[in-house]
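Trainee: how would this look folded up:
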Amino acid sequence: MIWVLCLGLLQDTVLSDTVDVVRYSARSITYDLERSVIILRDSSVITYQDIILSSDSAYYYIETNYLEAFGSCDLKQLSDSIRGELLRYNINNQKALMTKGRTEIDNGFMEGQEIFWIDEKTVHSYHGKYTTCSDTPPHYYFYSPRMKVYLDDMVIARPIFLYIQDIPVLVAPFWFVPISSRRKSGLLPFRIGNSRVFGKYIRDFAYYLVISDYADITLQLDAMERKGMMPHLESVWDYAPFSRGKIYASYIRDTETRKVRYSIEARNVSDLFFFGSSFNCDIKYVSDNSFRQDYAETTAIWLEREIISQATLTRALGRFRNTLAFERREDFADSTVTMKFPYYTLSGPSSMIFSAVSYALSGHISRDRRTTNQDTTEVIAANLHTTPTVQQNVYGLFSLSPKLDLDLATFNEDTLGNEWPFRFGYSFGVTASSNLFRVYNLDFLGMHGVLHKVLSNITCTYTPEFDFARFPRATGIPGYAPATSIDFGLNQELEAKIGEELRKSTILRVNLNSRYDLIRDSLSSIGFLASAPHNPFPVPISAFTIQVDGSINPYTGDYTYGVTNASGIKLDFFSLTVNQSYRRGGIYQIWLHGDLKPTRNWSLTYSARYDWLTRQLVDYSFGVARDLHCWEAVFNFNQLGDQWRYDFRVRIKAIPEVSIGKGLLGYIFE
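Mentor: Presented below is the predicted three-dimensional model:
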């Protein structure tokens, strides 16, 4: 028996075998009771649990819980959707087949002649395409006879062909593209290429492992034809306040040089360490001076001429702060290694005597070790130090601050061979300072009122001549050079309210300083500094500051000076920043940095440093980028001295790991 209802948009429901409700609607509904089939025609919509199926027409087989949809089919489940021409769907096991289907995955699109929805998280595609280009037809796509999609994870294809404008340009036996929007363990995209230095290589072949919500680890392997295998390990964690940091290590046994080379870097910050202490460290160690530079791709590492490792353990005991530190510094230029271990510092609280004198007790224990190609020297020292100070305001006109610096120190040995000799040093000083202010009600050049500050100070210092030449220098131990002098300082500032917002800004600073030596009866050179940090110009001038500093010999009139200037201009299509530095004697250098966008799709960035004395560029770099809709072409070049490098690649903007670069194109670009 067949019943046909054709009156407007009709709706009905039916119970499935799982006692769940299937709702459906269409402009025409036919009930074929003999075959247990419901036929929906014209604007068919079937809803089951979180699944919505829209199509031109559909058959619903009640007994088998089976759906068939024809025409413009759209199967939606939660946030996922597949569109195609023909759909077969089994309600019981929730498996589906879509022919000529297309679905959107995060920022990408996948289509295939046959798409199988295996379960909630797995989709198979045969003779499929994947692209992040939204145009139709797309500018590029990956084609594969077989694709497996793990939703919110990755797409795996084998083999895979890269088509650009429907022209095949690359092929690989397999490939995978991450599509997850959250942290998830799995393989990461790698690079395949060719290089004069490394030969044929596979780099960045890595597995990313999520240990927990607060930690992960990346295991990476670089395989280079000329250098060998280079494993890397990187781990990042954040268990604040107990510990947060990272560790990175790499290792290679170079097949060309037969050398074992490695690098280790580790950082950690622990605000709550053992027994109420805090612990910070930044450790760096390399097997040789050029290891990092040989594999670096950034100018910052090229410029690196030393590596520094340090660790600090701090804990308060009572009112005293205790710090135990370690430092290792290696200079690549002369292979000098300096080490401070241990370096202990004791800092006491500020206290008062007679409600007038403030003081704080501090101390150090240091062990300095210096190793060169010729010898090794070591100094062990300890001291106790305090500086009692009195702060007194005299009739509201100026403040007077006398202080006495006291230091008792001992060393493991002096130059005479005495073991653990003691020495006591002291120094006395008094400072008088005053602050004067005046407000001028000026209203011009966008300024509304000017505040003039005058800050003057005079410091008298007396340090007797001690016989300290036989004591070695040590970290944290003052030297006490003899001095009987008077220091002068005069600082002035002009501060104004700028614009309608009345924004406070310093428009001018002028500082003068000098010293008079009572023993030599001589005045030192008068130092001066004048700076204008406020930019007085309107747009498009985005920055303008100038500073002049130097000194004048009051007896001979000889002087030296330097001028630094930073200025910039910024437009919609162009920006330029110029930094200039000139020192008397002809030392003149210019730094340039900016970008240019001649068209909507082209952009150019550049930076350079020009030495006026040698009439040449010391270092420079530039980059050119071309927007290709879903692709971008990038060319970068930089040079520092005799070292230069460049990189060229065309990459997918949404998947920057997928790129065609100089290494992949071979030796022609090397």
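Trainee: Outside of the lengthiest strand in the chain itself, list whatever touches it.
Mentor: With secondary structure taken from DSSP state E, the chain has its longest strand at strand 422-444. With C-beta atoms under 8 Å, 6 or more residues apart in numbering as the test, strand 422-444 has contacts from 397-411, 448-464, 466, 468, 471, 478, 480, 483, 496. (Glycine included, C-beta is placed from N, CA and C.)
Trainee: average pLDDT across it?
Mentor: For strand 422-444, mean pLDDT is 91.
Trainee: Pull out the buried positions in it.
Mentor: By neighbour count with 16 or more other C-beta atoms under 10 Å, strand 422-444 contains the buried residues 423, 425, 427, 429-432.
Trainee: and if you look at stretch 261-280?
Mentor: Buried residues in stretch 261-280, counted by 16+ other C-beta under 10 Å: 261-266, 268-270, 273, 277-280.
Trainee: how about low-confidence regions in the stretch 401-550 of the chain?
Mentor: Scanning the stretch 401-550 of the chain for pLDDT under 70 picks out nothing.
Trainee: Kindly export stretch 537-557 (C-alpha atoms) in CSV.
Mentor: C-alpha atoms of stretch 537-557 as CSV (Å, rounded to 0.1, in the frame of the first residue of the first chain):
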residue,chain,number,x,y,z
PHE,A,537,56.5,66.6,13.6
PRO,A,538,53.1,65.5,12.3
VAL,A,539,52.4,62.4,10.3
PRO,A,540,53.7,60.8,8.1
ILE,A,541,56.9,61.5,10.2
SER,A,542,56.5,58.7,12.7
ALA,A,543,59.7,59.3,14.8
PHE,A,544,62.3,61.9,15.3
THR,A,545,64.8,62.0,18.2
ILE,A,546,68.3,63.5,18.6
GLN,A,547,71.0,63.3,21.2
VAL,A,548,74.3,65.0,21.6
ASP,A,549,76.9,63.9,24.1
GLY,A,550,80.6,64.5,24.7
SER,A,551,83.1,66.2,26.9
ILE,A,552,85.3,69.3,27.1
ASN,A,553,88.7,69.7,28.6
PRO,A,554,88.5,72.9,30.7
TYR,A,555,92.3,73.5,30.4
THR,A,556,93.1,72.8,26.8
GLY,A,557,89.7,73.4,25.2
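Trainee: ok now it, how far from the chain's centre?
Mentor: How far stretch 537-557 lies from its chain's middle: 33 Å, per C-alpha atoms, centre = their mean, to the nearest Å.
Trainee: what do you get for stretch 558-571?
Mentor: Centroid separation between stretch 558-571 and its chain, computed with C-alpha atoms, centre = their mean, is 29 Å.
Trainee: which of the residues in that stretch are buried?
Mentor: 564-569.
Trainee: now what about it, what contacts it?
Mentor: With C-beta under 8 Å, 6+ apart as the test, stretch 558-571 has contacts from 539-553, 575-585.
Trainee: Kindly recompute the last result at 7 Å.
Mentor: With C-beta atoms under 7 Å, 6 or more residues apart in numbering as the test, stretch 558-571 has contacts from 540-553, 575-584.
Trainee: Can you name the residues bridging to residue 403?
Mentor: As for beta bridges, residue 403 partners with residue 389, residue 429 under DSSP bridges.
Trainee: wait, isn't it in contact with residue 387?
Mentor: Yes. Counting by C-beta atoms under 7 Å, residue 403 does reach residue 387; the two are 5.5 Å apart.
Trainee: Mind checking which of these two has more residues around it?
Mentor: Remark: of residue 403 and residue 387, residue 403 carries more neighbours, 19 against 16, as counted by other C-beta atoms under 10 Å.
Trainee: Give the full set of residues in contact with the more buried one.
Mentor: By C-beta under 7 Å, 6+ apart, the residues touching residue 403 are 387-389, 429.
Trainee: hmm, which two among those residues are most spread apart?
Mentor: Spanning the widest gap among those are 388 and 429, at 11.5 Å by C-beta to C-beta.
Trainee: Now the closest residue to residue 553 other than its chain neighbours, what are its backbone angles?
Mentor: Take residue 553 and drop its neighbours on the chain: the residue closest to it by C-beta to C-beta, 6 or more residues apart in numbering is residue 525, 5.2 Å away. Dihedral angles of residue 525 (phi, psi; degrees, to the nearest 10) stand at phi -60, psi 140.
Trainee: now swap in residue 539 and tell me
Mentor: phi -60, psi 150.
Trainee: how far away is it from residue 441?
Mentor: Distance of residue 539 to residue 441, given as C-beta to C-beta, to the nearest Å: 28 Å.
Trainee: on that earlier part again, dump the buried residues of stretch 261-280 into a markdown table; add secondary structure and distance to residue 38 as well.
Mentor: Shown next, in a markdown table, are the buried residues of stretch 261-280 (DSSP: H, G, I helix; E, B strand; the rest coil; distance: C-beta to C-beta, whole Å):
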| residue | secondary structure | distance to residue 38 |
| --- | --- | --- |
| 261 | strand | 72 |
| 262 | strand | 70 |
| 263 | strand | 69 |
| 264 | strand | 69 |
| 265 | strand | 67 |
| 266 | strand | 66 |
| 268 | strand | 66 |
| 269 | strand | 65 |
| 270 | strand | 66 |
| 273 | coil | 69 |
| 277 | coil | 73 |
| 278 | strand | 71 |
| 279 | strand | 70 |
| 280 | strand | 70 |
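Trainee: Widest-spaced pair of those?
Mentor: Maximum distance among these (C-beta to C-beta): 35.7 Å, for 261 and 277.
Trainee: okay, and the helix or strand of this structure with the least pLDDT?
Mentor: One helix or strand of the chain scores below all others by mean pLDDT, DSSP states H and E: strand 2-5, with a mean of 44.
Trainee: Alpha carbons only: can I get stretch 345-361 in PDB?
Mentor: Extracted as PDB, the C-alpha positions of stretch 345-361 are listed here (Å, rounded to 0.1, in the frame of the first residue of the first chain):
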ATOM      1  CA  THR A 345      76.000  36.500  48.300                       C
ATOM      2  CA  LEU A 346      74.500  37.400  51.700                       C
ATOM      3  CA  SER A 347      72.100  40.400  51.800                       C
ATOM      4  CA  GLY A 348      70.700  41.600  55.100                       C
ATOM      5  CA  PRO A 349      67.700  43.900  55.700                       C
ATOM      6  CA  SER A 350      68.000  47.700  56.100                       C
ATOM      7  CA  SER A 351      68.200  48.700  59.700                       C
ATOM      8  CA  MET A 352      68.400  51.900  61.700                       C
ATOM      9  CA  ILE A 353      70.800  53.100  64.400                       C
ATOM     10  CA  PHE A 354      69.600  55.900  66.700                       C
ATOM     11  CA  SER A 355      66.600  56.400  64.400                       C
ATOM     12  CA  ALA A 356      69.000  58.300  62.000                       C
ATOM     13  CA  VAL A 357      71.600  56.000  60.500                       C
ATOM     14  CA  SER A 358      70.500  53.300  58.100                       C
ATOM     15  CA  TYR A 359      72.700  50.400  57.200                       C
ATOM     16  CA  ALA A 360      72.500  47.000  55.600                       C
ATOM     17  CA  LEU A 361      75.000  44.100  56.000                       C
END
